[in-house]
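**Student:** Predicted coordinates and the sequence they were generated for:
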Amino acid sequence: MGNLPLSPDSIRSIALETGFDLVRFGPADPGEHGDHFVRWLEAGRNGEMHYLAENRDRILAPATWRSGVHSAIALAVDYGGPAGELPGGGRVARYAVGRDYHRWLRERVFTLRQRLEAAGVPYGSMNGGTDAVPVLERALAARAGIGFLAKSAMVISPTHGPYLQLAELLTGMELPPDQPAPGSCGTCTACLTACPTQAIVAPFEVDARRCLSYTTIELRGFAAPELREKQGEWLFGCDICIEVCPFTRRSQRRDVLGLDRPNELQPHRIVQTWTLVDVLTMDEARYQSEFTGTAMRRATRSGLRRNAAVVLGNRGDDAALPTLVEALLDEDPVVRGHAAWAIARIAPGHASLDLALAREYDAQVAAELRAALDR
Ligand code: B12
Ligand code: SF4
Ligand code: SF4
């Protein structure tokens, strides 16, 4: 520790100046959180996120793929703000309403790396990123004291609450570890009760296969029929377990304090101007031109159109029927299948379903149409 090229206080100041709201130092490995991760994978809770199982060994021991790594500079940005609501309905999780954080936050981490290098830290001794990195970011953040691990599995800062995007710089420096953050869920179980799909199967444990954040973003293809109604208004992601959390209300978030939202977090024009029908009917060119640079792109065009059909069905608005009936002719079987589900939800026994079944050649869509006619 005595050989640090820069004092811990200077590192912290540079990180805060670079635009991070919270900066803490801790170990670069997940410690006991790794055991939980292994049990979670073995229970198949990762669903089709195979990359987590494939990278398991790297995730458990960052020092094996980054030699010389010793400490983590755990970083967080407070993204709290108003909910993302499309005009006319459809919700977008707050982390995705602005510019894609995978881009701007990663750039911010790289800027920090450059600034630390300019201040004397060897560049090669630092490696970092956000989200799409083979580390358990919540584990590093909790161990460094950014926040405490909550029953919703969120890392919650006692000052900033749960709306935190996490990032990190793994470094060869031996930084003095910070204290764990105070706070805990205590006897509260609000998120477990409020989760519409019972995805929080036990305190601290989310079964991704049931989580709307997974089913609306990561899942490709058909959504499980029993989860569609529970999707409610969510077009992309879900914030319910955060919205109901008492720490969300109590925290001194940027929006609560009345501070300006930085440009990156300003709602994207899709959130401000698009309707669910726009999403359902967008062609490939429009998807490419409009969704590039947003985190929503992750769900793919097919997934977004699927989600829009489900939400239109859940809203039960007759005005959406003509568009949904047209979607029964769509080239994408996933869109046809979910349009059938939505039509049956709005207008059970609608004549378009019989007609569509007579000409349907895809077995899975035909099964969806039969199920829709049975409802
Ligand atoms: C895969 C993934 C998901 C999956 C699975 C999430 C899950 N809870 O299992 C899905 C798609 C469902 C998802 C959803 C969301 N995610 Co996500 N996700 C990830 C990702 C890419 C990997 C996480 C992972 O490996 N999960 C496997 C589980 C086992 O690990 P974990 O979620 O980190 O959970 C830890 C604890 O539960 C702990 N643990 C559990 N029980 C116990 C018991 C003991 C005794 C101990 C010690 C530890 C422990 O072990 C785990 C490791 O620390 C990370 C980025 C990253 N590289 O880490 C983002 C990340 C975790 N997600 C994030 C966010 C914002 C979300 C959503 C809020 C997005 C949304 N609004 O739609 C939801 C929240 C759902 C929820 N309640 O967790 C943030 C979390 C920020 C925070 N403050 O915690 C991250 C860090 C991305 C980022 N860079 O900001 N996510
Ligand atoms: S994000 Fe939504 S579906 Fe997932 S655990 Fe939280 S409340 Fe449940
Ligand atoms: S809602 Fe309650 S149990 Fe869930 S994370 Fe917040 S404090 Fe913990």
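**Tutor:** Good, I have the coordinates. Ligands and ions are numbered 1, 2, ... in the order given.

**Student:** Just confirm yes or no for the longest helix along the chain near ligand 1.
**Tutor:** Assignment by DSSP state H gives helix 101-118 as the longest helix of the chain. No - Helix 101-118 lies apart from ligand 1 when judged by CB under 6 Å from any ligand atom; the minimum separation is 7.4 Å. Just so you know, the C-beta spots here come from the backbone N, C-alpha and C atoms, and that holds for glycine as well.

**Student:** what are the ranges of the helices in the stretch 251-375 of the chain?
**Tutor:** All helices of the stretch 251-375 of the chain, identified by DSSP state H, counting those that start in this stretch, fall at 269-273, 276-281, 284-291, 300-315, 321-327, 333-346, 351-359, 363-374.

**Student:** hang on, the earlier thing: how about the longest helix of the chain: buried residues?
**Tutor:** 101-102, 104-106, 108-109, 112-113, 116 (16 or more other CB atoms under 10 Å).

**Student:** possible to save the helices of the stretch 251-375 of the chain as TSV with mean neighbour count?
**Tutor:** Converted to TSV, those look like this (neighbours: other CB atoms under 10 Å):
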stretch	mean neighbour count
helix 269-273	16
helix 276-281	22
helix 284-291	14
helix 300-315	24
helix 321-327	19
helix 333-346	25
helix 351-359	15
helix 363-374	18
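
**Student:** Need phi/psi at the residue in the stretch 51-200 of the chain positioned nearest to ligand 2.
**Tutor:** Nearest to ligand 2, among the residues of the stretch 51-200 of the chain, is Cys195, at 3.3 Å (CB to the nearest ligand atom). Backbone geometry at Cys195, expressed as degrees, to the nearest 10, gives phi -60, psi 120.

**Student:** Quick check: nearest residue in space to it, chain neighbours excluded?
**Tutor:** Cys241 (5.6 Å; CB to CB, 6 or more residues apart in numbering).

**Student:** How much space separates that neighbour from Ile343?
**Tutor:** 31 Å (CB to CB, to the nearest Å).

**Student:** As a check, name the ranges of all strands in the stretch 51-200 of the chain.
**Tutor:** 71-78, 84-85, 91-92, 126-129, 148-149, 155-156, 164-171, 200-202 (DSSP state E, counting those that start in this stretch).

**Student:** which of those is buried the deepest?
**Tutor:** Across the strands of the stretch 51-200 of the chain, averaging neighbours per residue (mean count of other CB atoms under 10 Å) puts strand 71-78 on top, at a mean of 27.

**Student:** isn't Gln198 right up against Arg210?
**Tutor:** Yes - at 6.5 Å, Gln198 counts as touching Arg210 under the criterion of CB atoms under 8 Å.

**Student:** neighbour-wise, which of the two wins?
**Tutor:** Legend: neighbour count by other CB atoms under 10 Å for Gln198 and Arg210, higher for Arg210 (21 against 12).

**Student:** ok, that one to Ala367 distance?
**Tutor:** 22 Å.

**Student:** Please name the residues that touch Ala76.
**Tutor:** 20-22, 141, 146-147, 155, 157, 160, 164-167 (CB atoms under 8 Å, 6 or more residues apart in numbering).

**Student:** which among these gets closest to Ser125?
**Tutor:** Ala167 (17.5 Å; CB to CB).

**Student:** From what I see, the closest one and Gly128 are in contact.
**Tutor:** Yes - counting by CB under 8 Å, Ala167 does reach Gly128; the two are 6.7 Å apart.

**Student:** who touches both of those two?
**Tutor:** Common neighbours of Ala167 and Gly128 (CB under 8 Å, 6+ apart) are Val109.

**Student:** Show me where the stretch 101-250 of the chain has its helices.
**Tutor:** 101-118, 137-144, 190-194, 212-213, 225-228, 240-243, 246-250.

**Student:** so what does the fifth one touch, helix or strand wise?
**Tutor:** What it means is helix 225-228. helix 300-315, helix 333-346 (3 or more CB pairs under 8 Å, 6 or more residues apart in numbering; DSSP states H and E).

**Student:** And the third one, by the same measure?
**Tutor:** Helix 190-194 makes packing contacts with helix 240-243 when contacts are defined by 3+ CB pairs under 8 Å, 6+ apart.

**Student:** what does the helix it packs on rub up against?
**Tutor:** Here helix 240-243 has contacts from 83, 152, 154, 162-163, 191, 194-196, 200, 212, 248, using CB under 8 Å, 6+ apart.
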